[in-house]
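Peer 1: Make a model of this:
(one chain, ligands or ions: 1)
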Amino acid sequence: MESAVSRKVVYRLYPSRSQEAALLDMLGLHQRLYNAALEQRIAAWRLQRKSLSAYDQSRDLTELRAADERYAALNAQSAQVTLHRLHLAFQAFFSRCKNGATPGFPRFKAFDRFSGWGYKTHGDGFRFTPGDGNRHGKLRLSGIGTISVRGRARTPGDAKTCEIQRKAGRWYASLSVSCRPQRTGGTQAIGLDWGVETFATIAHENATFSAIENPRFTRQAQAALESAQQNLARKAKRSKNRAKARLPVAAIHRKTAAKRLDFLRQQSAKIVAQSWLIATETLAIKNMTRSAKGTIESPGRNVAQKAGLNREILATAPRKSLDMIRYKAAEAGIAFIEVPSRKVKPSQTCSGCWKQRKKALSERMHICACGLILSRDQNAARVNLWWSVCMLLAAYRTIAGREPTGCLAQSA
Ligand SMILES: [Zn+2]
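Peer 2: Got it, this is the predicted structure:
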C-alpha cells in the first residue's frame, strides 16, 4: 500500500454577489488584524524594548475577540493563521539580519496587496465536499456560506488545510489534501537529456531515441505579451489606465503558466508510465540559460522584458519537470537515478566507447573516433542510461559477489 502524501489542489471559487461581498469583508478583517498586530509589535518594541511572540499575540487575540464582535465572528483558527503569517515575516526578517542581508522590515499591507487567509483544520471554519468523479465541488466557509468551486484533484483524498487567495479579482482555494496516489510504471529503462531547442531527448533501451518538443504556446504567448507590455509602457505611472493595462499582462502570464504546468504534468506522467528505470542528469541550470544578456542569476542591465517569458521557461521548466518525475517515480515505485553530471559529463563522454572529449556548447553533433555519430542530446541521454545501468550492475556484483543470473531468471 502506498503511503499518504500531501498534495496542493487549487480550486477557483465562484461566489454569488453577496458571498463575494462577504469574502471582501473577511479579507478586510484579516488585513486589519495583520496590520494591527504589526503595529502592536512595533509599539511594544519602541515603548518597552520588548519583542512580542506569536504566543503573546494570540493571547491578545482572545481579548480582541471578546471586545469586538466583528472579530468574534471571525473563525478563531483562521485569525491565528494570520498572526502566524506575521510571525513568519518577522522570523524571516531576523534571519536576514543575522545573515547580513538587506533586512526589509515587515511592512503594513494595503488591502490590494493583502492576498488572503487560511484555515488549519477541516471542519473548523471550512468544509470541502468534492463533486462527482472528484471534479469541482462545494466549499463551505463559516460566516460566508457554501460556494461553488471548480477544479480537479487527480487523486481523491482528505482535505487538511485551506488557503483562500484573491488574485487579480479572482478567488481561489488552495487545499492541502492527504491522499494515497496510485500510479504504475512501465517496462522500459530510459535515459533523459534536457535541452534548450528540444525540451527533452529520451534514449530507450532498444537503442532508439525519441524527443519531446518544446511546447508552442510560449511562442504564441510571446506576441500577445509584447503588445500588452507595449500598451502598458505607454500609460502614465500610477494612473488608473496603467492599473487597467496591467491586467492583460497578468492574464497572459497566468494562462501561460497554467498551460506550461499542464504540459509538464502530462509529459512527466507519460515518462513515468512507460518506465521501470529513469536515468537523468543532475541539472546545471546556469549553463542552460547563459546568454549574451547575462544569466538568470545575474541578468544584464536593461534586459528587454520580451526576453522574459522564454528565459523564464527555459530556466524553470526542466527543473520543475525533473521534480515532477522524481515524485511520480516514487509514487509508482520505479527507479529514478540522478547521474552526477559533474563527474560523468554526459555531453563530453561517448556512449559507445566511453572516451571523453570536450565539446563547445555550439557543437550539436557527437562524432567520435570510435565511429559513433549521434546528436549531442541523444548521446548524452544514452550516457545517462548506460551509466545508471552499469552502476546497478556493479552494485549487484559487489553486494552479491556474483553475476546477476539468479534474479534475472526469476524476473523473466
Ligand atoms: Zn566513441
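Peer 1: Going along the chain, name the strands of this protein.
Peer 2: Along the chain, the segments classed as strands by DSSP state E run 5-14, 116-119, 126-130, 135-141, 145-152, 157-167, 170-179, 188-194, 198-204, 209-213, 275-281, 335-339, 365-367, 373-375.
Peer 1: right, so of those, which gets closest to residue 97?
Peer 2: Shortest separation from residue 97 across these is recorded for strand 116-119, at 26.5 Å, computed as Cβ to Cβ. Every C-beta, even on glycine, is put in place using the N, C-alpha and C of the backbone.
Peer 1: The closest one - contacts with which helices or strands?
Peer 2: helix 17-48, helix 76-98, strand 157-167 (3 or more Cβ pairs under 8 Å, 6 or more residues apart in numbering; DSSP states H and E).
Peer 1: Please work out which of these is packed deepest.
Peer 2: strand 157-167 (a mean of 19; mean count of other Cβ atoms under 10 Å).
Peer 1: Minimum distance to residue 236: which of the helices and strands packed on strand 116-119 has it?
Peer 2: Among the helices and strands packed on strand 116-119, the nearest to residue 236 by Cβ to Cβ is strand 157-167 (25.0 Å).
Peer 1: now what about that closest one, what contacts it?
Peer 2: 4, 6-7, 13, 23, 27, 115-122, 125-126, 128, 139, 141, 171-180, 254 (Cβ atoms under 8 Å, 6 or more residues apart in numbering).
Peer 1: rewinding a little: the helices and strands packed on strand 116-119 into CSV, with extra columns for mean pLDDT?
Peer 2: Below are the helices and strands packed on strand 116-119 laid out as CSV (pLDDT from 0 to 100):
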stretch, mean pLDDT
helix 17-48, 94
helix 76-98, 92
strand 157-167, 94
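Peer 1: got the ones you listed as TSV, with distance to the ion columns?
Peer 2: Output for the helices and strands packed on strand 116-119, formatted as TSV (distance: least, Cβ to the ion, whole Å):
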stretch	distance to the ion
helix 17-48	62
helix 76-98	50
strand 157-167	49
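Peer 1: quick one, which of the ones you listed is nearest to residue 361?
Peer 2: Short answer: helix 76-98, nearest of those by Cβ to Cβ, at 36.2 Å.
Peer 1: by contact count, what packs against the closest one?
Peer 2: Packed next to helix 76-98, using 3+ Cβ pairs under 8 Å, 6+ apart, are helix 17-48, helix 54-67, strand 116-119.
Peer 1: Can I get it in PDB, CA atoms only?
Peer 2: Extracted in PDB, the C-alpha atoms of helix 76-98 (Å, rounded to 0.1, in the frame of the first residue of the first chain):
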ATOM      1  CA  ALA A  76     -10.600  31.700  15.600                       C
ATOM      2  CA  GLN A  77      -8.100  29.400  13.900                       C
ATOM      3  CA  SER A  78      -8.000  31.500  10.700                       C
ATOM      4  CA  ALA A  79      -7.200  34.500  12.800                       C
ATOM      5  CA  GLN A  80      -4.300  32.500  14.400                       C
ATOM      6  CA  VAL A  81      -3.100  31.700  10.900                       C
ATOM      7  CA  THR A  82      -2.900  35.400  10.000                       C
ATOM      8  CA  LEU A  83      -1.000  36.100  13.200                       C
ATOM      9  CA  HIS A  84       1.300  33.200  12.300                       C
ATOM     10  CA  ARG A  85       2.000  34.700   8.900                       C
ATOM     11  CA  LEU A  86       3.200  37.900  10.600                       C
ATOM     12  CA  HIS A  87       5.300  35.700  12.900                       C
ATOM     13  CA  LEU A  88       6.900  34.100   9.900                       C
ATOM     14  CA  ALA A  89       7.500  37.500   8.300                       C
ATOM     15  CA  PHE A  90       9.400  38.500  11.500                       C
ATOM     16  CA  GLN A  91      11.400  35.300  11.600                       C
ATOM     17  CA  ALA A  92      12.500  35.800   8.000                       C
ATOM     18  CA  PHE A  93      13.400  39.400   8.900                       C
ATOM     19  CA  PHE A  94      15.500  38.300  11.900                       C
ATOM     20  CA  SER A  95      17.300  35.600   9.900                       C
ATOM     21  CA  ARG A  96      18.100  38.100   7.100                       C
ATOM     22  CA  CYS A  97      19.500  40.500   9.800                       C
ATOM     23  CA  LYS A  98      21.600  37.600  11.100                       C
END
